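Colleague: for reference, the sequence and a predicted model appear below.
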Amino acid sequence: MKELALLFIALAGSASGQTCYPPFELVGKECIYINTGSSLGWQEAREYCRGLGGDKSGADLAVFTSCDAFTVFAGYLGFNAPGQSTFWVGGHTEFADNNWRWVDGRALESGVPYWAYEEGHDQGQDCAAMTSDSHFQLADYPCDEPMYSVCSMPPVTQRGGGNVTRDDPDLPIILNCPDESVQVGDFCYWFSSSQKSWSSAEDYCRTRFISNRGELFSPDTCDEFAKMAHHLEVAERDRSHWTGAADVTGYQEWFWVNGDPVPAGPPFWATNMPQTHSNSGPHDYCALMSHSRRFYLEDDHCYSTNYYICKLHVVE
């Protein structure tokens, strides 16, 4: 299994025109080295990672530039990490308790998609690690606790590979949201003020917002899911909301109503969710963004009543 994973990484690096200096390897779009040879405190682990870069700048404890990058690496650890294991990464509190930052200075957001839902706010536990106990989402630990570590450094563009250009992702998209819906990120959403069963909520979204192809909230990306979770923490913090996710067969085969599969683990599900249900049938269980689990997904009987979110497709 590990040999196949490394072959895939090598092919991905060749296809993308990017490579990594040894001992780093390309995982997704990140140059990563996993240190399982020695257990170190967080600061010692950081010095170890910096030393791996030699005279090539940029090596440090691992930081993740996007929700996608973090999710890809969490999945990689799930296949390749030894047993029950925990790894330091480059997250640390700065200036105040619970003010988390990556070592490159960027803010490390609380909650979705990085943190396990009960983690990130324990006093005196100022360093972040990815742990198998929560499907390799982040947890906070005392910085002097010895453990394995993950190092990263920027990939190198191979000669002839050229530079990748893209539109500025920070430029906001302004939408004209209809029917009392509001913009969150790049989409318009309508938030219910009453509760319905999952199927009734889905019917309502489709019929009321038929001109905007309304549907129960089904994110296209983990970034969209994270933006919604952060919005709910501020604006709807005491309410759980149905999403467009359901176990369509009764065998833990979860799909969004837009047809995309819902993968297990990060970035969508709370730890130990979805639960295994015996003798369940198609559409017996559906998923809600749970206020008690920091708006990660939790499964519930589809006939239960909850608030819900309609996603609208609005042309710019």
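Modeller: Alright, I've got the coordinates.

Colleague: which parts of the stretch 51-200 of the chain are strands?
Modeller: Applying DSSP state E, counting those that start in this stretch to the stretch 51-200 of the chain gives strands spanning 60-61, 86-93, 100-102, 127-131, 138-141, 147-153, 156-157, 182-184, 187-191.

Colleague: please name every helix or strand in contact with the first one.
Modeller: Using 3 or more CB pairs under 8 Å, 6 or more residues apart in numbering; DSSP states H and E as the contact definition, the elements that strand 60-61 packs against are helix 42-52, strand 86-93, strand 147-153. C-beta here means a position set from N, CA and C on the backbone, and glycine is covered the same way.

Colleague: thinking again about what came up before, let's have the strands of the stretch 51-200 of the chain in CSV, adding mean pLDDT.
Modeller: Compiled in CSV, those are given as follows (pLDDT from 0 to 100):
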stretch, mean pLDDT
strand 60-61, 95
strand 86-93, 96
strand 100-102, 94
strand 127-131, 96
strand 138-141, 95
strand 147-153, 95
strand 156-157, 72
strand 182-184, 93
strand 187-191, 95
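
Colleague: between these, which gets nearest to Val262?
Modeller: Using CB to CB as the measure, strand 187-191 is the one of the strands of the stretch 51-200 of the chain that comes nearest Val262, at 17.9 Å.

Colleague: and Val164, what pLDDT?
Modeller: We note a pLDDT of 35 for Val164 in this prediction.

Colleague: also Cys143?
Modeller: At Cys143, pLDDT is 96.

Colleague: surely it and Gly41 touch.
Modeller: Yes. The criterion here is CB atoms under 8 Å, and Cys143 meets it with Gly41 at 6.2 Å.

Colleague: between the helices and strands packed on strand 60-61, which one is nearest to Asp68?
Modeller: So among the helices and strands packed on strand 60-61, strand 147-153 is nearest, using CB to CB, at 14.8 Å.

Colleague: from the chain's centre, how far out does that closest one sit?
Modeller: On the basis of CA atoms, centre = their mean, to the nearest Å, strand 147-153 sits 19 Å off its chain's mean C-alpha point.

Colleague: quick check: Cys49 touching Tyr148?
Modeller: No. Counting by CB under 8 Å, Tyr148 is not a contact partner of Cys49; they are 11.8 Å apart.

Colleague: the more surrounded of these two?
Modeller: Neighbour count, other CB atoms under 10 Å: between Cys49 and Tyr148, Cys49 has more, with 25 against 20.

Colleague: overlap in contacts, Cys49 and Tyr148.
Modeller: Common contacts of Cys49 and Tyr148, defined by CB atoms under 8 Å, 6 or more residues apart in numbering, comprise Asn35.

Colleague: before we move on, the earlier item: looking at the strands of the stretch 51-200 of the chain, which is closest to Gly78?
Modeller: Taking the strands of the stretch 51-200 of the chain one by one with CB to CB, strand 127-131 is closest: 10.4 Å.

Colleague: if you count contacts, what does that closest one end up packed against?
Modeller: strand 86-93, strand 138-141.

Colleague: most tightly surrounded among these?
Modeller: strand 86-93 (a mean of 24; mean count of other CB atoms under 10 Å).

Colleague: you'd agree His230 is in a helix?
Modeller: Yes. Applying DSSP: H, G, I helix; E, B strand; the rest coil, one finds His230 inside a helix.

Colleague: distance of it from Ala74?
Modeller: 19 Å (CB to CB, to the nearest Å).

Colleague: domain-wise, how is this structure divided?
Modeller: 2-157, 182-312 (automatic domain parsing).

Colleague: of the ones you listed, which shows the lowest average pLDDT?
Modeller: Out of the domains of the chain, domain 2-157 stands lowest, with a mean of 85 (criterion: mean pLDDT).

Colleague: before we move on, back to that, out of the helices and strands packed on strand 60-61, which is closest to Val182?
Modeller: That would be strand 86-93 among those, by CB to CB, at 30.8 Å.

Colleague: just checking: what are the partner strands of the closest one?
Modeller: strand 100-102 (antiparallel), strand 127-131 (antiparallel), strand 147-153 (parallel) (DSSP bridges).

Colleague: chain center to it: distance?
Modeller: From the chain centre to the centre of strand 86-93 is a distance of 16 Å (CA atoms, centre = their mean).

Colleague: on that earlier part again, quick one: closest of the helices and strands packed on strand 60-61 to Val234.
Modeller: Judging the helices and strands packed on strand 60-61 by CB to CB, what sits closest to Val234 is strand 86-93, at 21.3 Å.

Colleague: ok and the closest one relative to helix 42-52, angle-wise?
Modeller: Angle of strand 86-93 versus helix 42-52, following axes from the mean of the first three to the mean of the last three CA atoms, to 10 degrees, is 100 degrees.
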